[in-house]
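**Q** The following comprises the amino acid sequence and a computationally predicted model.
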Protein chains: 2
Amino acid sequence: MKTIYIGMIGFGTVGSGTAQVLFEQCERITRRTGVLIRLKTVLVRSPRSLPPQFADVTVTCDPEEFFRDPDLEIIVELIGGLEPARTYIRKAIEHGKHVVTANKALLSESGMQIFKAAAKKNVEVGFEGSIAGGIPVVKTVKEGLVANRILSILAILNGTANYILSQMTEHGLPFAEVLLDAQEKGYAEADPTYDVEGIDTAHKLAILVTMAYGVEVKLADIAVEGISRIAPIDIELAREFGYRIKLLAISRNHEGHFEVRVHPTLVPASHLLASISGPFNAIHIQGDMVGDILLYGPGAGKLATGSAVAADIVDIARNITHGAINRVSSLSYLPEYIKPRRITPISELRCAYYFRFTTVDEPAVLATIAGILGKYKISIKSVLQKTIQKSKTVPIVMRTYEAVEASVVEALAEIDRLPIIVVETVKIRILAEEDADQ
Amino acid sequence: MKTIYIGMIGFGTVGSGTAQVLFEQCERITRRTGVLIRLKTVLVRSPRSLPPQFADVTVTCDPEEFFRDPDLEIIVELIGGLEPARTYIRKAIEHGKHVVTANKALLSESGMQIFKAAAKKNVEVGFEGSIAGGIPVVKTVKEGLVANRILSILAILNGTANYILSQMTEHGLPFAEVLLDAQEKGYAEADPTYDVEGIDTAHKLAILVTMAYGVEVKLADIAVEGISRIAPIDIELAREFGYRIKLLAISRNHEGHFEVRVHPTLVPASHLLASISGPFNAIHIQGDMVGDILLYGPGAGKLATGSAVAADIVDIARNITHGAINRVSSLSYLPEYIKPRRITPISELRCAYYFRFTTVDEPAVLATIAGILGKYKISIKSVLQKTIQKSKTVPIVMRTYEAVEASVVEALAEIDRLPIIVVETVKIRILAEEDADQ
């Protein structure tokens, strides 16, 4: 029986999880593929011993020795971050080894160079684990929906942010308090910036968009807004309007130009994405042939991500044994068809909005606000005026019809300069109605 | 550029849909694979002409000529039903041609023989379109979750049945009325038996189970119950208990034996499967490594199913061009690891139940019923006694804790013989709590 030896870089959460998956599922994988997949060597920064079940795995701190080992056919990079991951992946490719990674930050930053280098050496780069943990979304976009023009992607891609929003929604708690609790429970990292500010979501969306449309995306072209400024009152008021607030990755394929953005979004309660609570991920994909598809599952976790990394390893192992390397193009389209295209700046997009104005309790306040909105061609769909007892300020909440983002920004700037406005106005975008009708 | 010629059997709904997908997505598929896929010939029963965009497709009624054409590398069978589909697929395999089919009835009946014949001739049989329309569930089980022991499958696999239940739930209408409406709208066939009686769902579940566990399943081993006897009152009372009624395909992998069944099920309203309404499908899969995954999408429709059939065609085309035939085993496990195993008879299973007794309005009725249930070791979890004005009968509704099905059947038989019982007692199974905690 053919044995394929794996070298792994890093033995942290996902690394040890992947090792466990390969170990526990070894026989099952053989029964499905006829191939024996064995983790041979782990490259770590400083000497350490592995748990007893990995007694026959070699641990090394010497990258030169590691990459030179001719036995290793697939290198699995699971240290994350830009360096030394990028150098290691390049080195693996130079040595003619296939690569599997779960490193979304690196791929969204340097993916095109990595895939080009891999194509030149005729090796594969698998990255199922980099998006949405255990959910096979990469395979679905590249193979399952191969005969579709993807029209849109709406996705919850960060489990930490979704967990925090879910807890805020369920218990009416403020962001900071829930974040602290999530950090204590290990759902959020000590520095939660990437997760809560939408950056991690943007990394994943960039990769998805390239695969879905054959479009090269720069991170700088993605408008990104996080959830740290969402207040419990907005969650509550959104609920009164029939919405849940979710941190969504949103992308749309218009003829010739593309929308790619990440921000908190009011999602109608009846939409499946509104039902995704806790640390889960979900990806809603619209294809011109298939219609609407949704994939749901764990967006992180050592074994869930390990399951995705192992699936990539098996995929490459099948290609090695069948002599079918690069049977499926890494980014779904052949390299010559992946091009930079116009990503529409968010200022040009049309969107419906939720506004919460905090005003002094005076007559004619609403008329003043409505007047300015009208001047900027922003039409109001509905208004909710709340009275808060013993408070001198009044929240005025409204939903608008679709308006151009640039006009909205200008209108709110003008409104926020008024003396009747007490604190900066809150603006949250509402999911477009075409997406809301499932 | 390599051109791969397709021969198609049948040009009905899915056939014409697949032709349209191949036609409209031809260039996109080439940009993703470097291969040109062309529908060359359609085999039909009686002479007919195709729509103008298929002007260069040959139409033939002569199966001999069709199967003899050496150009055709992949034969797509889309006529459905057992014969002549089985004969045609065998003939295609004998001629060394790869096969793609969406025929769940045939596969669940004769799949093992077809796959064996194909293995002998070293050709592939793709069947993504046979389960859950456009949802890539076959690929997910075979490849995405390759490194998982599948623990359970809970699925809505029949769009017609789900549409009817959704309409009954939303509008409080009786089954017969909604069915008639569904037939008028084209959502249900003139003979709806397969769809509403759970048979079609059982066909799909049988195929899924084989792929998921490597277990050969006979249709006769699957306990099947449909939705035609579900009444609006049960939907309403289930809702009061916090449930929705769904026609579920349920399968569980116990060490050494397997549960495989199809029946209406009370699903907690908070479960994602409870949110799937209309003619959609959803498959909830639990893997020991990945945890819980859910796939959602259109379970039927000409273009959605065409998208799945086209994905199979592309998969095989990639294998042809890379010389990697049978890179992935048809049924996920290598043939030597697929075995008949014990399917536990439903009479032995433990399940929680919803009962609706229709009794005369007399004192001590509940005590009598509870006494008999107790005798059969069936514990009551909660009871709802409804008073219906101007009615001489009283519905008594209860939820039980888990009990053995055989005892439940006996207990209900004894209860239904009592003079206080006016009509046959309604019994609907409740989703196990281990599945309900997502």
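**A** Great, that's in hand. Numbers count the residues shown, from 1 in each chain, chains lettered A, B, ... in the order given.
**Q** wait, isn't A:Ile369 in contact with A:Thr358?
**A** No: using CB atoms under 8 Å, A:Ile369 is not in contact with A:Thr358; the gap is 11.4 Å. C-betas here are computed from N, CA, C, even on glycine.
**Q** Please parse chain A into its domains.
**A** A:3-133+A:302-337, A:137-298, A:348-436 (automatic domain parsing).
**Q** Lowest average pLDDT across those?
**A** Lowest mean pLDDT within the domains of chain A: domain A:348-436, a mean of 92.
**Q** Mind checking if it is in reach of chain B?
**A** No: shown here: domain A:348-436 not in contact with chain B (CB under 8 Å from any CB of the partner chain), separated by at least 14.5 Å.
**Q** Save the domains of chain A as JSON lines, and put in mean neighbour count and distance to B:Ile285 too.
**A** JSON lines is the format used below for those (neighbours: other CB atoms under 10 Å in any protein chain shown; distance: least, CB to CB, whole Å):
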{"stretch": "domain A:3-133+A:302-337", "mean neighbour count": "20", "distance to B:Ile285": "11"}
{"stretch": "domain A:137-298", "mean neighbour count": "21", "distance to B:Ile285": "9"}
{"stretch": "domain A:348-436", "mean neighbour count": "16", "distance to B:Ile285": "26"}
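**Q** among those, which is nearest B:Gly7?
**A** domain A:137-298 (17.9 Å; CB to CB).
**Q** The stretch 51-200 of chain A: helices as residue ranges?
**A** Remark: helices assigned in the stretch 51-200 of chain A by DSSP state H, counting those that start in this stretch are A:63-68, A:85-94, A:104-120, A:137-139, A:159-171, A:175-185, A:193-196, A:199-213.
**Q** so can I have a markdown table of these showing distance to B:Ala118?
**A** Output for the helices of the stretch 51-200 of chain A, formatted as a markdown table (distance: least, CB to CB, whole Å):
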| stretch | distance to B:Ala118 |
| --- | --- |
| helix A:63-68 | 41 |
| helix A:85-94 | 37 |
| helix A:104-120 | 33 |
| helix A:137-139 | 23 |
| helix A:159-171 | 41 |
| helix A:175-185 | 50 |
| helix A:193-196 | 47 |
| helix A:199-213 | 31 |
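**Q** And those: which comes nearest chain B?
**A** Nearest to chain B among those is helix A:137-139 (5.3 Å), distances taken as CB to the nearest CB.
**Q** what about the closest one, near chain B?
**A** Yes: contact of helix A:137-139 with chain B (CB under 8 Å from any CB) involves A:Lys139.
**Q** which bits of the stretch 51-200 of chain A sit near chain B?
**A** A:128, A:134-136, A:139-140, A:142-149.
**Q** same deal with the stretch 201-350 of chain A?
**A** Residues of the stretch 201-350 of chain A lying near chain B (CB under 8 Å from any CB): A:214, A:272, A:275, A:287-298, A:301, A:303-304, A:306-308, A:310-311, A:314-315, A:318-319, A:322-324, A:327-329, A:332-334, A:337.
**Q** Identify the residue spatially nearest to A:Pro136, adjacent ones excluded.
**A** B:Gly144 (2.9 Å; CB to CB, 6 or more residues apart in numbering or on different chains).
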